[in-house]
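Colleague: could you look at this predicted model? Sequence included:
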Amino acid sequence: MIPREVALVERLKNAPFALIGINTDTDLDSFREQCKKKHVTWRNSFQGSTAGPLCKAWGVRSFPTIYVLDAKGVVRFAGVRDDALERAVDKLLAETKPAPSPR
């Protein structure tokens, strides 16, 4: 997933888009090293285990778990990945664009 996420973040760098990761690794130094190595530039919350508070709050039981939220913070897609993830994000970004003014 990470190479696709890197590409998605790069493609949408000027769009109203944010990717946020929740990491459940147990070694913070290793996590930071992997982020640098794999060019992970987006925000990540290091939880230190699969029982972290964000995993509990969002009901995450398997990895990766993906939620796509709209501009109002409403979960609009869950479990999408690859091309379906990109289509979901593009659909929501299209909804943020103002409607053309009548002529």
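Modeller: Looks like it arrived, so ask away. Owing to the predicted nature of the structure, the values given are computational and were not obtained by experimental measurement.
Colleague: only C-alpha atoms from now on, for both contacts and neighbour counts.
Modeller: Fine.
Colleague: please state the offset of stretch 5-21 from the chain centre?
Modeller: 8 Å (CA atoms, centre = their mean, to the nearest Å).
Colleague: neighbours around Asn23, how many?
Modeller: 20 (other CA atoms under 10 Å).
Colleague: that one reaches Phe46, doesn't it?
Modeller: Yes - using CA atoms under 8 Å, Asn23 is in contact with Phe46, at 4.8 Å.
Colleague: enumerate the positions of the longest helix seen in the chain that are buried.
Modeller: The residue-count maximum for a helix in the chain (DSSP state H) belongs to helix 82-96. For helix 82-96, the neighbour count (16 or more other CA atoms under 10 Å) marks Leu85, Ala88, Val89, Leu92, Leu93 as buried.
Colleague: CA-only coordinates of that helix in CSV, if you can.
Modeller: Extracted as CSV, the C-alpha positions of helix 82-96 are listed here (Å, rounded to 0.1, in the frame of the first residue of the first chain):
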residue,chain,number,x,y,z
ASP,A,82,-5.9,0.4,-4.9
ASP,A,83,-8.0,1.9,-7.8
ALA,A,84,-11.2,1.9,-5.7
LEU,A,85,-9.4,4.1,-3.1
GLU,A,86,-8.3,6.6,-5.7
ARG,A,87,-11.8,6.7,-7.2
ALA,A,88,-13.3,7.3,-3.8
VAL,A,89,-10.9,10.1,-3.0
ASP,A,90,-11.4,11.7,-6.5
LYS,A,91,-15.2,11.5,-6.1
LEU,A,92,-15.1,13.3,-2.7
LEU,A,93,-12.7,15.9,-4.0
ALA,A,94,-15.0,16.6,-7.0
GLU,A,95,-17.8,17.3,-4.4
THR,A,96,-15.7,20.0,-2.9
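Colleague: list the contacts for the spatially most central residue of the chain?
Modeller: With distances taken as CA atoms, centre = their mean, the residue of the chain nearest its centroid is Leu19 (3.5 Å). With contacts defined as CA atoms under 8 Å, 6 or more residues apart in numbering, Leu19 is in contact with Val9, Trp42, Arg43.
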